[in-house]
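**Q** Have a look at this fold, sequence not included:
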Ligand SMILES: [Zn+2]
């Protein structure tokens, strides 16, 4: 029933409908007893253990997000389902094609790209510090400047909804970026969700992904196949990057503990283990937003 041809034909139909639900579901949280607190531990694990087993991925951004979003959409009152519908209009983007049609954030005359934000008072001082710290990392290496909103029309509204998710690109007016207090407030996840808001898609949806990974749909949870659809991304002359903070892990949405994404030709390459933006993630921001390196701080 789930032969490749059948699946891909069906995905095409379902793609528009569920694309941002993809972001929603994968970048997804719902409580549970998730208590990981440190990406530093992840780095240590990576150094010690270079194999990509399902057990040792617990601290990567992709795994944290998947755990956080595990039960998303299962509750009748789950707001995320509604957001998934609304987000249908985001279009496709690694840089989404929408970035060629106006979903980029505007560039100021001083060369910077100012993205106004509001952070909900739901967060503790520590959580707010993690979120603001994540926002500031963009200023350190790109011309993107997240600034507290005063009266700007368009802004990102960072709050703790059910799960970790974001729309893709600028939507107009206030747009939610959900960083659930229950599993999403980590540097790498802050970066990941804001990269979506800047216009970037998941790495393994890139138009050239078939040269770099093999998708094993037979191992994917039924109904979740759309998460692996390929998108006609704008790749900005940057290489496919297994270490992008936007790359899914090897076992993403696995229904049988078998891999769903296999790197090729080296099946043992480490993928989806990033805990923060990679140099390529930074390069893409600078290319998409034409950062010259001379912008003001
Ligand atoms: Zn995502």
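**A** All right, it came through fine. All values derive from a computational prediction rather than experimental measurement.

**Q** so where is the protein shaky, pLDDT-wise?
**A** For the chain, applying pLDDT under 70 flags the ranges 1-58, 71-94, 294-297.

**Q** show me where it has strands.
**A** With strands called from DSSP state E, the chain shows them at 113-119, 144-148, 155-159, 164-166, 174-179, 213-215, 261-263.

**Q** Adding mean neighbour count, write the ones you listed out as CSV.
**A** Where you see a C-beta, it was placed from the backbone N, CA and C, and this is true even at glycine. Formatted as CSV, the strands of the chain follow (neighbours: other Cβ atoms under 10 Å):
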stretch, mean neighbour count
strand 113-119, 19
strand 144-148, 19
strand 155-159, 22
strand 164-166, 31
strand 174-179, 24
strand 213-215, 20
strand 261-263, 23
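
**Q** Tabulate these (TSV), appending distance to residue 130.
**A** Shown next, in TSV, are the strands of the chain (distance: least, Cβ to Cβ, whole Å):
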stretch	distance to residue 130
strand 113-119	11
strand 144-148	14
strand 155-159	11
strand 164-166	13
strand 174-179	9
strand 213-215	30
strand 261-263	28
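
**Q** Mind checking those for the one nearest to residue 200?
**A** strand 164-166 (9.9 Å; Cβ to Cβ).

**Q** counting contacts, what elements does that closest one pack onto?
**A** helix 4-26, strand 174-179, helix 187-198 (3 or more Cβ pairs under 8 Å, 6 or more residues apart in numbering; DSSP states H and E).

**Q** List the pairing partners of that strand within its sheet, with orientation.
**A** Using DSSP bridges, strand 164-166 pairs in its sheet with strand 174-179 (antiparallel).

**Q** Let me see the ranges of the helices in the stretch 101-250 of the chain.
**A** 125-141, 187-198 (DSSP state H, counting those that start in this stretch).

**Q** Touching, residue 116 and residue 157? I think so.
**A** No. With contacts defined as Cβ atoms under 8 Å, residue 116 does not count as touching residue 157, sitting 9.8 Å away.

**Q** Could you say which of the helices of the stretch 101-250 of the chain is packed most deeply?
**A** helix 187-198 (a mean of 25; mean count of other Cβ atoms under 10 Å).

**Q** for the closest residue in space to residue 285 that isn't next to it in sequence, what are its contacts?
**A** Leaving aside its sequence neighbours, residue 285 sits nearest to residue 142 (Cβ to Cβ, 6 or more residues apart in numbering; 4.4 Å). Counting by Cβ atoms under 8 Å, 6 or more residues apart in numbering, residue 142 touches 282, 285-286, 289, 291.

**Q** Thanks a lot, catch you later.
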